[in-house]
Each structure stands twice: as C-alpha cells, then as structure tokens.
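**Q** Build me a structure from this.
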Amino acid sequence: AVSVYLPQTSFDRGSWIGQPCNDCQINFSSIVEMDIYVLFQEGPFEVKVKKVTAVDDHQSFPSPAVALSSTEEIKTLIDQTIQSG
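**A** Next up is the predicted model:
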C-alpha cells in the first residue's frame with residue numbers, strides 16, 4: 001500500500017463538463033466528485049485506489065523498514081525495484 005499527499009496547490013487545472021476553466025478558483029468545500037487518471041504509461045499496468053481522504057495539514061509517511069543481511073540481498077532488492085518501475 002502506498003499513501004500520497006497532494007497539497008491543495010497541486011490542483012491547478014480545472015474543467016467543467018469537459019471544458020477547461022482558465023480563470024477559475026476551486027472551492028474545496030463544494031467538491032462532490034473527483035477523477036483520477038494515469039496517463040502515458042507504457043505496457044500493462046494496474047492502479048487500485050482504495051481511499052481518498054481530504055486533510056487540512058501536510059501528511060508525511062515513513063518509508064518501510066527493510067532488513068537486508070547481505071550485499072546479494074541489497075543487489076536483488078535494487079534489481080527488483082528497477083524492474084518494477
């Protein structure tokens with residue numbers, strides 16, 4: 001599972017019924033729907049969004065701890081990470 005924090009300032013493009021809005025300001029209290037797109041990905045992939053939560057303050061999440069006992073395990077982890085993208 002991965003958690004991602006997107007600040008309100010990252011919502012910088014708006015549209016209404018498919019038409020871009022150039023001089024708009026978003027009213028976060030009136031949001032009733034959100035679309036999520038994954039664009040420009042090569043090859044097969046899958047995205048599952050389990051939950052979207054609105055928060056007032058910045059959220060950060062610790063990186064998972066990984067226990068490695070040899071240089072071979074480190075190399076394998078790096079190789080698998082590169083392969084997974």
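
**Q** which other helices and strands contact the helix or strand of the chain with the lowest mean pLDDT?
**A** Taking all helices and strands of the chain together, the one with the lowest average confidence (mean pLDDT, DSSP states H and E) is strand 14-16, at a mean of 72. Where contact means 3 or more C-beta pairs under 8 Å, 6 or more residues apart in numbering; DSSP states H and E, strand 14-16 is packed against strand 19-21. For glycine as for every other residue, the C-beta is placed from the backbone atoms N, C-alpha and C.

**Q** Give the residue farthest from the middle of the chain.
**A** Counting by C-alpha atoms, centre = their mean, the extreme residue of the chain relative to its mean C-alpha position is residue 70, 31.9 Å from that point.

**Q** OK, contacts around that residue?
**A** Residues in contact with residue 70, defined by C-beta atoms under 8 Å, 6 or more residues apart in numbering, are absent; none qualify.

**Q** coming back round to it: note down every partner strand of the least confident helix or strand of the chain and its orientation.
**A** Taking DSSP bridges as the criterion, strand 14-16 sits next to strand 19-21 (antiparallel) in its sheet.

**Q** what's the strand it pairs with in contact with?
**A** 13-15.

**Q** Need those residues in a markdown table (columns: distance to residue 62).
**A** Written out in a markdown table, the entries for those read as follows (distance: C-beta to C-beta, whole Å):
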| residue | distance to residue 62 |
| --- | --- |
| 13 | 31 |
| 14 | 33 |
| 15 | 35 |
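
**Q** Figure out the helix or strand that residue 81 lives in.
**A** Using DSSP states H and E, the secondary-structure element containing residue 81 is helix 71-84.

**Q** My error: substitute residue 58 in the last question.
**A** When secondary structure is defined using DSSP H and E, no element contains residue 58, which sits outside every helix and strand.

**Q** isn't it right next to residue 9, touching?
**A** No: taking contact to mean C-beta atoms under 8 Å, the distance of 11.4 Å between residue 58 and residue 9 leaves them out of contact.
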